[in-house]
Each structure stands twice: as C-alpha cells, then as structure tokens.
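[1] Have a look at this prediction, sequence included:
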Amino acid sequence: MNYVITGGAGNISKPVSLALLQKGHQVTVIGRNEANLQELVAAGANTAIGSVDDVDFLTRSFSGADVVYAMVPPTLDAADWKAYIGGVGELYARAITASGVKKVVFLSSVGADLSEGCGPVTGLYRAEQALQQLKEVNIVFLRPSYFYNNLFANIGLIKNMGIMGSNFSLPAGKFPIVAPDDIADVAVSYLLDANFKGHQIHYIASEETSTDDIAAAIGKAIGKTDLKWIQFSDEQSLTGMLQAGLPEEVAKNYTEMGAAMQSGKMLSHYYANKPAQLGKTKLADFAAQFAAVYANS
C-alpha cells in the first residue's frame, strides 16, 4: 500500500513510518527538513519537503495515497495557538478533498470533544470539526491521553526545588497517561488494516495512575524517595512557565489545559469511552527512562 505520513521524524511519526517500511509498504514522509529524515530515507522512505501551511503542497503530497496519517506539527511561535492548530486541520481537510484520499488516521487528543477551555486541545477540536465535514472520507481520530514525555519538563523543578507538580493533581486511576510508542502501535494497526469505515474515535493510554504515584515512581528511579507532586495554582503555574522561558501564548494555553485536567472535564469522555486495552509502557518503564534523562541533564 501507499502511505503518506505527516510529522517527519517525530516521536510518533518516525516509528509509524519505520513499521510500515518494515512491512514492505511504500511510505512518503512529509517533513520540514530533509536532514532530519535521513534515517527514514535509509530505511526506504520517500520524502516530501514542505510546510503543512501550504495546501497545494499537501494536495500534491497526498495524491495517490491509500491512507494518510495526519498530525499537527508542534510550534511555539504561533500568535494564536488554537487558531494555528485548527487552521492546519482545515488545510488537511482541503488537501484530502482535492487529492481524493479516502482513508485518514488523524492524531488528536483526549479533550478534543470539548469546543473550548482546553488550551491547545481546543485547536484539535477545531481540526477534528473540519475533518468531520468530510462525509465521504473514512477517518479514525486517535485521542491519546497526557504524554509521559511531558513529565520531562519537571526535571528543572526537581533539581531546583525537589518537587514535581503542575496546576492539577489527580487521584488513583484518574490520570491516564501514554507513551508515544504506544500511540504509534495503535496508529500502525489502523494503517495496516485500513478497513475502518465512517468516522471513529479511539482513545489511547498506557497506564491509568495518579500524580502522587508518578512522583513516587520517578522519585524511586532517581534516588529521591521523598519526591512529592505539588499542585500549583493556575497563576503559579503560568508564572513558572513564563520564568522558564515559554512564550506567553504557550504558557497560557498549557495553564488552561491543566485547569481542564483538574476539573475533570477534559477526561470525562475518555472515561466514558475507555480503550479496550492499555498500552505496553507502564509507569515503572517510563520512570527508568526518566532516570536516564535526568542523570544526563
């Protein structure tokens, strides 16, 4: 089959592309920088270098694909982050229509059922809405939970203050969290099967844990057994991110997303539509990864 994968050599797109190539399929990887794609090229991938802001480029790149894997590339530069994310979704919808693609796997997020109040995920709601208009296209919306990798942002906090934290604190079993490799596994299963019909939503998590258990597991892994998770106020969280150098637009959106996590509204649809099985990467596995990164930071 002929696949087009957006997201370049990202931590989900790369393993997706490699898995498809290993099965002998034709894969074209869309990216912004050819140099970043050399491992994929060596594995047999074709490349299409351009921007997801360019609908003509997307249309050319999508043409002839049996299935497209679409995701919104990360950015810290958008003046309106939600509008940027939603806008990329609209461009994808236009390019999918113009190219005649009939199968799409789209990377969205938990919380994308909500039209407002979820930070960058509100942008993914808008992107989903644009794609939902494509009634003749079969689409799977992947909605992963909070990423384990987001926890790496706590390394400075641990080293400087001896704590982990954010503006949310979630009890046992109420914090679904996921590894990029586990998202890639689900994406690959849909891409290889490609028999999905209509519009489907698939939630993804590796573990359902708590913020206290996360701090305990990471503390054990790095030799700080008294490590605690502290819930900050929204104002404290925003100030901390700004002091760490994040752009104000990004910091405001992350603060809003954390508040949506704390209120429960961002996770309610996940718990009403839980995945049949969780991914393979458990908290102890990630804690070991965290310890390695922490030791080298």
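    Sure, I can see it. Because the structure is a prediction, the values reported are computed rather than measured.
[2] can you give me the strands for the stretch 101-250 of the chain?
    103-107, 138-144, 146-147, 164-166, 175-178, 199-204, 207-209, 229-231 (DSSP state E, counting those that start in this stretch).
[3] roughly how far is the fifth one from the heart of the chain?
    So the one you mean is strand 175-178. 12 Å (CA atoms, centre = their mean, to the nearest Å).
[4] and if you look at the first one?
    Using CA atoms, centre = their mean, the mean C-alpha position of strand 103-107 is found 13 Å from that of the whole chain.
[5] Likewise for stretch 213-225?
    Centroid displacement of stretch 213-225 relative to its chain, using CA atoms, centre = their mean, is 25 Å.
[6] buried residues in it?
    Neighbour-count burial for stretch 213-225 flags 213-219, 221-222, 224 (criterion: 16 or more other CB atoms under 10 Å). C-beta: built from backbone N, CA, C; applies to glycine.
[7] So which of those residues is the closest to Ala78?
    Ile214 (29.1 Å; CB to CB).
[8] The closest one: what's it in contact with?
    151, 164, 175, 177, 229, 283 (CB atoms under 8 Å, 6 or more residues apart in numbering).
[9] Pick the one among those residues closest to Gly264.
    Comparing those against Gly264 with CB to CB places Phe175 closest, at 11.1 Å.
[10] The closest one: neighbouring residues, count only.
    By other CB atoms under 10 Å, the residues close to Phe175 number 22.
[11] quick one: contacts for it?
    Counting by CB under 8 Å, 6+ apart, Phe175 has contacts 146, 208-211, 214.
[12] rerun at 7 Å
    208-211 (CB atoms under 7 Å, 6 or more residues apart in numbering).
[13] Can you add pLDDT, distance to Leu170 and neighbour count and give these back as TSV?
    Below are the contacts of Phe175 laid out as TSV (pLDDT from 0 to 100; distance: CB to CB, whole Å; neighbours: other CB atoms under 10 Å):
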residue	pLDDT	distance to Leu170	neighbour count
Glu208	98	10	19
Thr209	98	8	21
Ser210	99	6	18
Thr211	99	5	24
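[14] now for these, which pair is the farthest apart?
    Longest span within those, CB to CB: Glu208 and Thr211, 12.2 Å.
[15] So which residues of the stretch 151-297 of the chain form helices?
    Secondary structure of the stretch 151-297 of the chain (DSSP state H, counting those that start in this stretch): helices located at 155-161, 180-193, 211-222, 234-243, 248-263, 268-272, 283-295.
[16] so what pLDDT did the residue of the chain most remote from its centre get?
    The centre of the chain is farthest from one residue, Asp226, which by CA atoms, centre = their mean lies 30.4 Å away. Listed pLDDT for Asp226 reads 97.
[17] What are the buried residues along stretch 238-247?
    Under 16+ other CB under 10 Å, the buried positions of stretch 238-247 are 238, 240-241, 246-247.
[18] Can I get the strands of the stretch 101-250 of the chain in a markdown table including distance to Leu278?
    As requested, those are arranged in a markdown table below (distance: least, CB to CB, whole Å):
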| stretch | distance to Leu278 |
| --- | --- |
| strand 103-107 | 18 |
| strand 138-144 | 12 |
| strand 146-147 | 14 |
| strand 164-166 | 22 |
| strand 175-178 | 8 |
| strand 199-204 | 9 |
| strand 207-209 | 6 |
| strand 229-231 | 21 |
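[19] sorry, back to before: what would the contacts of Ile214 look like in CSV with distance to Ala93 and pLDDT?
    Shown next, in CSV, are these (distance: CB to CB, whole Å; pLDDT from 0 to 100):
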residue, distance to Ala93, pLDDT
Leu151, 33, 98
Met164, 39, 98
Phe175, 32, 98
Ile177, 30, 99
Trp229, 39, 99
Leu283, 37, 98
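[20] where along the stretch 1-150 of the chain do the helices fall?
    Going by DSSP H, counting those that start in this stretch, the stretch 1-150 of the chain shows helices at 13-22, 38-42, 55-62, 81-99, 120-132.
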